[in-house]
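Turn this into a structure:
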Amino acid sequence: MTLSLKVGSFLPIMTNQNDGVSSSETRKKDHLDLAMKSCTNLMQIDHRFYYEPALGIHPRPDQKSSQKFLGHEFDFPFWVSSMTGGTEHAFVINERLAQLCAEFNLGMGLGSIRPLLESHSRLKDFNFRSTMGDRPFYANIGVAQIDELLQKKELARLEDTLETLQVNGLFIHLNPLQEWFQPSGDRYALSALEVIREYTALSKTKVIVKEVGQGMGPASLRALLKLDIQGIEFGAFGGTNFSLLEQKRKIENEVNPLTFVGHSAEEMIGFINKLETKKEFIISGGIQNAIDGYYLKQTLNSNSVIGLASAWLNPARESYESLRAFFMNLAQQYQMCEAFLKLKKEGE
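The predicted structure follows:
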């Protein structure tokens with residue numbers, strides 16, 4: 001059974017300071033008072049790991065969990081996944097997220113830049129290269145918009161916008177179910193595979209393909225990984241689901257059963273591990289804490305980082321200080337996993 005700890009639950013901060021007598025007495029009294037309230041149930045145990053308390057040390061305050069991803073050095077294996085843009089409220093959130101990426105050497109994907117193809121009036125809501133510094137910074141557009149530009153021979157509009165934003169590349173998101181449920185949504189006349197193949201043949205822009213809350217099956221993954229793309233972001237089932245979001249916008253009483261088709265991040269890892277690929281992956285979709293992210297990253301045989309989207313929103317809305325504290329707790333959780341948890345192999 002998966003143990004789901006919320007990322008906002010801070011781990012204890014380790015110090016070398018000795019408690020005084022009164023502090024020690026207070027702590028012991030607390031232990032007595034809280035002992036019965038702190039009993040756990042065997043049903044809560046997380047069976048994914050061996051816990052090895054004799055083998056690790058506590059992470060230092062300045063310690064990093066460095067790795068290379070998309071040709072950049074990351075201090076920690078986390079990615080800010082695409083969310084929103086085009087409003088004043090989104091500007092504040094994205095500005096803080098970009099600041100976080102610059103401070104901790106992370107990477108970030110923008111929300112859909114579709115509004116910028118019509119007008120640059122909201123350019124500031126997407127234009128964060130100066131804040132990001134040299135960190136990986138990717139724009140995002142739907143495959144339906146790519147198809148429309150290709151059919152009209154207006155691909156230059158997109159390429160000019162990408163140049164203005166000074167991004168490292170482009171997320172192309174696949175969302176046939178979201179488009180189907182969306183009022184006046186786009187309809188696919190060609191498969192996403194055909195559109196992306198044509199785009200990558202015409203453009204030098206680096207591409208990552210992602211889903212938006214349903215994930216992808218093995219045939220789609222296999223076909224996409226044969227294209228000239230950098231990698232795939234999961235957008236797996238279990239997190240924000242844009243098919244459901246569109247239905248909620250219409251305030252419908254009944255939810256269409258198509259909403260619940262898809263694949264979890266763990267299932268997608270199983271598909272990818274059966275393929276031979278050197279592409280890179282952002283594991284996203286329903287990851288609520290660093291422990292789940294650590295488990296999935298350790299399970300995937302390819303180079304990867306952990307993508308979070310909605311989990312950033314509340315602290316980013318509050319202040320940069322709240323966002324920074326949220327991330328430091330997330331990073332500390334991840335490092336505690338590295339120090340004391342060993343992944344159980346299948347069948348153990």
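
so who does residue 212 touch?
173-175, 178, 235, 241-243 (C-beta atoms under 8 Å, 6 or more residues apart in numbering). Bear in mind the C-beta positions are built from the backbone N, C-alpha and C, glycine included.

neighbour-wise, which of those residues leads?
Counting neighbours by other C-beta atoms under 10 Å, residue 235 leads those with 31 neighbours.

Where do the helices of the stretch 201-348 of the chain begin and end?
218-224, 242-249, 265-273, 290-299, 313-318, 320-340 (DSSP state H, counting those that start in this stretch).

deepest of the ones you listed, which one?
helix 290-299 (a mean of 23; mean count of other C-beta atoms under 10 Å).

ok, and what's touching that helix?
2-5, 7, 46, 48-49, 77-78, 265-266, 269, 273, 283, 286-287, 304-306, 308, 330-331, 333-334, 337-338, 341, 343.

again, but for stretch 256-273
So stretch 256-273 is contacted by 177, 180-181, 213-218, 221-222, 234, 236-238, 241, 243-244, 247, 281, 283-287, 296, 299-302 (C-beta under 8 Å, 6+ apart).

Filter those residues down to the buried ones, PyMOL style.
Remark: buried members of the contacts of stretch 256-273, expressed as a PyMOL selection using 16 or more other C-beta atoms under 10 Å:
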select buried, resi 177+181+213+214+215+216+221+234+236+237+238+241+243+244+247+281+283+284+285+286+287+296+299+300+302
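
Restricted to strands, list the contacts of stretch 256-273.
281, 283 (DSSP state E).

Can you give me the separation between the most centrally placed residue in the chain and residue 130?
For the chain, the residue nearest the mean C-alpha position is residue 307 (1.7 Å; C-alpha atoms, centre = their mean). Distance, residue 307 to residue 130, by C-beta to C-beta, to the nearest Å: 24 Å.

now residue 146
Taken as C-beta to C-beta, the span from residue 146 to residue 130 is 27 Å.

For these two, indicate the residue with more neighbours.
residue 146 (22 against 9).

what's near enough to touch the more buried one?
158, 172, 195-196, 199.

Let's verify it: helix, strand, or coil?
Of the three states, residue 146 takes helix under DSSP: H, G, I helix; E, B strand; the rest coil.

Next one: it from residue 258, what distance?
From residue 146 to residue 258 the distance is 23 Å (C-beta to C-beta).

Equivalent analysis for residue 310, please.
22 Å.

got it, and residue 278?
34 Å.

So which of these two has more stuff around it?
residue 258 (13 against 8).

Tell me how far that one lies from residue 177.
Residue 258 is 6 Å from residue 177, by C-beta to C-beta.

which neighbours do these two share?
Between them, residue 258 and residue 177 share the contacting residues residue 243, judged by C-beta under 8 Å, 6+ apart.

For residue 162, give me its contacts.
139, 170, 205.

among the residues you listed, which are in strands?
139, 170.

and of the contacts of residue 162, the nearest to residue 189?
Nearest to residue 189, judged by C-beta to C-beta, of those is residue 170 at 21.0 Å.

what's the burial count for the closest one?
27.

beta partners for it?
residue 139, residue 207 (DSSP bridges).

And residue 342, by the same measure?
residue 50.

what about it, distance to residue 301?
From residue 342 to residue 301 the distance is 17 Å (C-beta to C-beta).

so where's the protein uncertain?
1-22, 25, 27-36, 38, 84-88, 250-253, 347-348 (pLDDT under 70).

Can you pull the domain assignment for it?
If you go by automatic domain parsing, the domain ranges for the chain are 21-51, 67-343.

Indicate which one of the ones you listed is closest to residue 57.
Going by C-beta to C-beta, the one of these nearest residue 57 is domain 67-343, 6.3 Å.

ends of that closest one, how far apart?
For domain 67-343, the first-to-last residue distance is 19 Å (C-alpha to C-alpha, to the nearest Å).

swap in stretch 113-129?
15 Å.

cool, and stretch 50-65?
20 Å.

Buried ones in that stretch, by neighbour count?
Applying 16+ other C-beta under 10 Å to stretch 50-65 flags 59, 65 as buried.

Contact partners for the closest residue to residue 277 other than its chain neighbours?
Leaving aside its sequence neighbours, residue 277 sits nearest to residue 225 (C-beta to C-beta, 6 or more residues apart in numbering; 4.9 Å). Neighbour list for residue 225: 232, 275, 277, 279 [criterion: C-beta under 8 Å, 6+ apart].

Distance of residue 225 relative to residue 23?
56 Å.

Now do the contacts for the nearest residue to residue 307 once chain neighbours are set aside.
Leaving aside its sequence neighbours, residue 307 sits nearest to residue 284 (C-beta to C-beta, 6+ apart; 3.2 Å). Residues near residue 284 by C-beta under 8 Å, 6+ apart: 79, 81, 210, 233-236, 239, 265, 306-309.

which one among those residues gets closest to residue 166?
residue 79 (18.7 Å).

Pairing partners for the helix or strand that contains the closest one, with directions?
For residue 79, the element it lies in under DSSP states H and E is strand 78-80. Its sheet considered, strand 78-80 pairs with strand 107-109 (parallel), strand 304-308 (parallel) by DSSP bridges.

burial count for residue 24?
By other C-beta under 10 Å, 11 other residues sit near residue 24.

Nice, that's everything, thank you.
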